[in-house]
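Turn this into a structure:
(chains A, B, C and D)
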Number of protein chains: 2
Amino acid sequence: MARRERSRLPAPERRGQIIAAATALVAERGFWGLSMQDVADACGLTVPGLLHHVGSKDGLLIAVLEHRDAEDRRAIGDPPPSDLRALCAALVRRNATQPEIVRLFAVLAAESLAPDHPAHDYFAVRQQGVLDSLTTLAKPVTARPEALARQIIATMDGLQLQWLRAPAGTDLVAMWEAAAQMLFGGPTASAGRPARSR
Amino acid sequence: MARRERSRLPAPERRGQIIAAATALVAERGFWGLSMQDVADACGLTVPGLLHHVGSKDGLLIAVLEHRDAEDRRAIGDPPPSDLRALCAALVRRNATQPEIVRLFAVLAAESLAPDHPAHDYFAVRQQGVLDSLTTLAKPVTARPEALARQIIATMDGLQLQWLRAPAGTDLVAMWEAAAQMLFGGPTASAGRPARSR
DNA sequence: GTCTATAGGACGATAGAC
DNA sequence: GTCTATCGTCCTATAGAC
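This is a model prediction of the structure:
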């Protein structure tokens, strides 16, 4: 009777495995619907084994979000594009390749509206930070940079929800391109490959 | 020792009370985070008493959504405004007065992206229906009615999220008005009271 | 670093009395 | 229409062995 394979990984790799599994499960059920048992099963661990690595259920969520932040910084590049339209196009193109991550944020963004949600503060800070960044970039473009920034963020968030609900019938990049034409005017200037700004 | 007051309401009123309590709690925690015990407590009932009225936890959610649909139809009026911009402004003005309902939809819309969520089909049908309606209304306005409809829906959904996360610092109607000027052009024509541009 | 064992609740749902 | 009592399951977390 073959005993369940339990490969005894070194801590950092195990942590990566745990975060990957948790990312998928949180995207699926949210934090309230997440079960430590399911995460442990997905990693071939028992629940106490899992808790040894992340401390608690809240700790697991925080690990997932911190990992996402690190990945995002890496992917966007430092410094990020300084042209607003090019930056948006780059973000959308990247999001279109990873629906699971987009869903993670969509689900947690809504769930965390509750003040006692463990990611409440994280998303409040994040929303303000993104708004500030885009507002700064919008200053050369319009007389009302904050209004434009808010609308860009809203459009991206909203289009992502439509896309996630009907991924077969919709193309996120095409939807954004259509929206960008209305927001920025003129047909696609910066949506193409080059996108090297900076 | 005063026994808990348990007023033995007639069924229809009790049902209304249950739906109101459940609406608030689902908005707060989502469906996965909802506990029948909490709903029962909020109504001065025991859990079996609650189940007598709604059958199951899924049944409770369905009752909440059906009640919302009925309320919405009542509020928008029949027939609804046939001018696209006026209809949007009316929707936004109404939503601004009931953040709890907006949050209910925001949380369930995200949670229900999971195919096995009890409201998955409800939101899929709803999204398509809203898109179809707005697309029809957009036909006189633009050469690409579906793109405009999608962007309007995205903008409303996204702005609502921003508003719910920082209700103190933001005004939903003002945010929409700014967005509408970019989407439809020109300052406010149909937003209700004169609402001078700015 | 991972396990077994278990504590200690909360959960949704059912049966049957009143 | 609402109760009491209870079932069986799931949950997070801890203690301590290996």
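
contacting residues for A:Phe31?
Listed by CB atoms under 8 Å, 6 or more residues apart in numbering or on different chains, the contact partners of A:Phe31 are A:61, A:108, A:111, A:117-119. Using the backbone N, CA and C atoms, a C-beta is placed for each residue, glycine as well.

How about A:Met182?
B:147-148, B:151, B:182-183.

Ok, A:Gly16 next?
By CB under 8 Å, 6+ apart, the contact set of A:Gly16 is empty.

check which helix or strand covers it.
Assigned by DSSP states H and E, A:Gly16 falls within helix A:11-29.

buried sites along that helix?
Judged by neighbour count (16 or more other CB atoms under 10 Å in any protein chain shown), helix A:11-29 contains these buried residues: A:14, A:17-19, A:21-29.

Contacts only, for the closest residue to DNA strand C within chain A.
Nearest to DNA strand C in chain A, going by CB to the nearest atom of the strand, is A:Gly49, at a distance of 2.8 Å. Contact analysis of A:Gly49 by CB under 8 Å, 6+ apart lists A:Ala40.

Now for the contacts of A:Met182: which two are most distant?
Across the contacts of A:Met182, no pair lies farther apart than B:Ala147 and B:Met182, at 14.4 Å, counting by CB to CB.

quick revisit: next, check the contacts of A:Phe31 against the strands and list the overlap.
Judged by DSSP state E, strands contain none of the contacts of A:Phe31.

Alongside DNA strand D, which residues does chain A contribute?
Contacts of chain A with DNA strand D, taken as CB under 7 Å from any atom of the strand, map to A:34-38, A:47-48, A:51, A:56-58.

and A:Val47, what does it touch?
A:36-37, A:40.

hang on, the earlier thing: which of the residues of chain A next to DNA strand D are buried? Put it as a PyMOL command.
Filtering those down to the buried ones (16+ other CB under 10 Å) takes a single PyMOL command:
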select buried, chain A and resi 34+36+38+51+57
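
Dump the residues of chain A next to DNA strand D into TSV; add secondary structure as well.
Putting these into TSV (DSSP: H, G, I helix; E, B strand; the rest coil) gives the following:
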residue	secondary structure
A:Leu34	coil
A:Ser35	coil
A:Met36	helix
A:Gln37	helix
A:Asp38	helix
A:Val47	helix
A:Pro48	helix
A:Leu51	helix
A:Ser56	coil
A:Lys57	helix
A:Asp58	helix
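
Now render the residues of chain A next to DNA strand D as TSV, adding pLDDT.
Converted to TSV, the residues of chain A next to DNA strand D look like this (pLDDT from 0 to 100):
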residue	pLDDT
A:Leu34	98
A:Ser35	97
A:Met36	98
A:Gln37	97
A:Asp38	97
A:Val47	97
A:Pro48	97
A:Leu51	96
A:Ser56	97
A:Lys57	98
A:Asp58	97
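
A:Pro187: which of the residues of chain A next to DNA strand D is nearest?
Nearest member of these to A:Pro187, counting by CB to CB, is A:Leu34, at 43.3 Å.

these two touch, right, A:Leu60 and A:Ile18?
Yes - judged on CB atoms under 8 Å, A:Leu60 makes contact with A:Ile18 at a distance of 7.3 Å.

Now for these two: what residues contact both?
When contacts are counted by CB under 8 Å, 6+ apart, the set common to A:Leu60 and A:Ile18 consists of A:39, A:50, A:54.

Can you tell me the closest non-neighbouring residue to the last one?
Right, A:Val54. A:Leu60 (4.3 Å; CB to CB, 6 or more residues apart in numbering or on different chains).

Would you quantify the distance from the one you found to chain B?
Distance of A:Leu60 to chain B, given as CB to the nearest CB, to the nearest Å: 16 Å.

Could you tell me which of the contacts of A:Phe31 belong to helices?
Taking DSSP state H, the ones among those that sit in helices are A:61, A:108, A:111.

related to what we said a few turns ago, where is pLDDT lowest across the buried residues of helix A:11-29?
The lowest pLDDT within the buried residues of helix A:11-29 belongs to A:Arg14, with 94.

pLDDT at the closest residue to it other than its chain neighbours, what is it?
Leaving aside its sequence neighbours, A:Arg14 sits nearest to A:His53 (CB to CB, 6+ apart; 6.2 Å). Looking at A:His53, its pLDDT is 97.

do the same with A:Pro194
Reported pLDDT at A:Pro194 in the predicted model: 43.

Next: A:Thr97.
Note on A:Thr97: pLDDT of 96.

any idea how far A:Arg103 is from it?
13 Å (CB to CB, to the nearest Å).

Give me the more crowded residue out of these two.
Per other CB atoms under 10 Å in any protein chain shown, whichever of A:Thr97 and A:Arg103 has more neighbours is A:Arg103, with 23 against 10.

quick one: buried residues of the helix or strand harbouring A:Asp69?
Taking DSSP H and E as the criterion, A:Asp69 maps to helix A:57-76. Of all the residues in helix A:57-76, those buried under the rule 16+ other CB under 10 Å are A:57, A:60-65, A:67-68.

And those, which is closest to A:Gln127?
Taking CB to CB as the measure, A:Leu65 is the one of the buried residues of helix A:57-76 closest to A:Gln127, at 13.7 Å.

So the closest one is in contact with A:Asp121, correct?
No - A:Leu65 is beyond contact range of A:Asp121, at 10.7 Å (criterion: CB under 8 Å).

can you list residues touching both of those two?
Contacts common to A:Leu65 and A:Asp121, judged by CB under 8 Å, 6+ apart, are absent.

got the residues of chain A near DNA strand C?
Counting by CB under 7 Å from any atom of the strand, chain A sits next to DNA strand C at A:6-11, A:14, A:44-49, A:52-53.

Just give me the closest of the shared contacts of A:Leu60 and A:Ile18 to chain B.
Distance to chain B across these (CB to the nearest CB) is lowest for A:Val39, with 15.1 Å.

what does the helix or strand containing the closest one contact?
Under the criterion of DSSP H and E, A:Val39 resides in helix A:36-43. Applying CB under 8 Å, 6+ apart, the contact partners of helix A:36-43 are A:14, A:17-18, A:21-22, A:24-25, A:46-47, A:49-51, A:57, A:60.
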